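# just coords:
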């Protein structure tokens with residue numbers, strides 16, 4: 001049952017990305033081009049996600065989920081060099097290529113070779129992240 005719900009929610013998320021235009025790299029790059037042909041529509045998409053999520057975090061405090069156990073608690077935000085480096089790399093990749101992880105996966109069905117190359121590079125970066133974290137923590141030896 002849990003897998004079915006995850007599949008349906010993932011499909012709904014992908015449909016939302018497609019309908020909002022966030023799978024179009026030109027729209028995302030237009031949002032990032034503040035000194036050129038700036039496209040502010042991504043702000044409405046982000047607001048449409050952030051506002052309901054902020055409400056959901058408040059409503060789920062101390063409750064149990066119907067499927068999958070307890071809701072994940074909010075973490076204590078700490079800005080350290082790992083979050084700064086990760087943010088810079090994420091932002092640079094987003095600005096250079098256009099898609100972020102959700103739209104990249106959604107675009108695999110229609111993105112052609114460039115979508116496949118991007119998703120492969122993204123997954124490779126995710127696979128390398130634990131090794132990079134060990135180096136940033138000062139312990140480069142493998143586990």
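Yes, it's here. Fair warning: this is a prediction, and the values are worked out from it, not measured in the lab.

# what residues are up against the spatially most central residue of the chain?
In the chain, the residue lying closest to the centroid (C-alpha atoms, centre = their mean) is residue 101, at 4.8 Å. Counting by C-beta atoms under 8 Å, 6 or more residues apart in numbering, residue 101 makes contact with residue 122. Where you see a C-beta, it was placed from the backbone N, CA and C, and this is true even at glycine.

# could you rerun that using 10 Å?
Shown in contact with residue 101 (C-beta atoms under 10 Å, 6 or more residues apart in numbering): 90, 93, 94, 118, 119, 122, 123, 125, 126.

# distance of it from residue 123?
Here the criterion is C-beta to C-beta, to the nearest Å. By it, residue 101 lies 9 Å from residue 123.

# common neighbours of the two, please.
Contacts common to residue 101 and residue 123, judged by C-beta under 10 Å, 6+ apart, are absent.

# backbone torsions only: list them for residue 70.
Residue 70 adopts backbone torsions of phi -70, psi 150, taken as degrees, to the nearest 10.

# read off the pLDDT value for the nearest residue to it once chain neighbours are set aside.
Counting by C-beta to C-beta, 6 or more residues apart in numbering, residue 64 is the residue found nearest to residue 70 once chain neighbours are left out, at 5.7 Å. Listed pLDDT for residue 64 reads 78.

# helices or strands next to whichever helix in the chain runs longest in the packing?
Ranked by residue count and defined by DSSP state H, the top helix of the chain is helix 112-137. Applying 3 or more C-beta pairs under 10 Å, 6 or more residues apart in numbering; DSSP states H and E, one finds that helix 112-137 makes contact with helix 25-32, helix 81-97, helix 101-106.

# give the buried residues for it.
115, 118, 119, 122 (16 or more other C-beta atoms under 10 Å).

# done for today, thanks.
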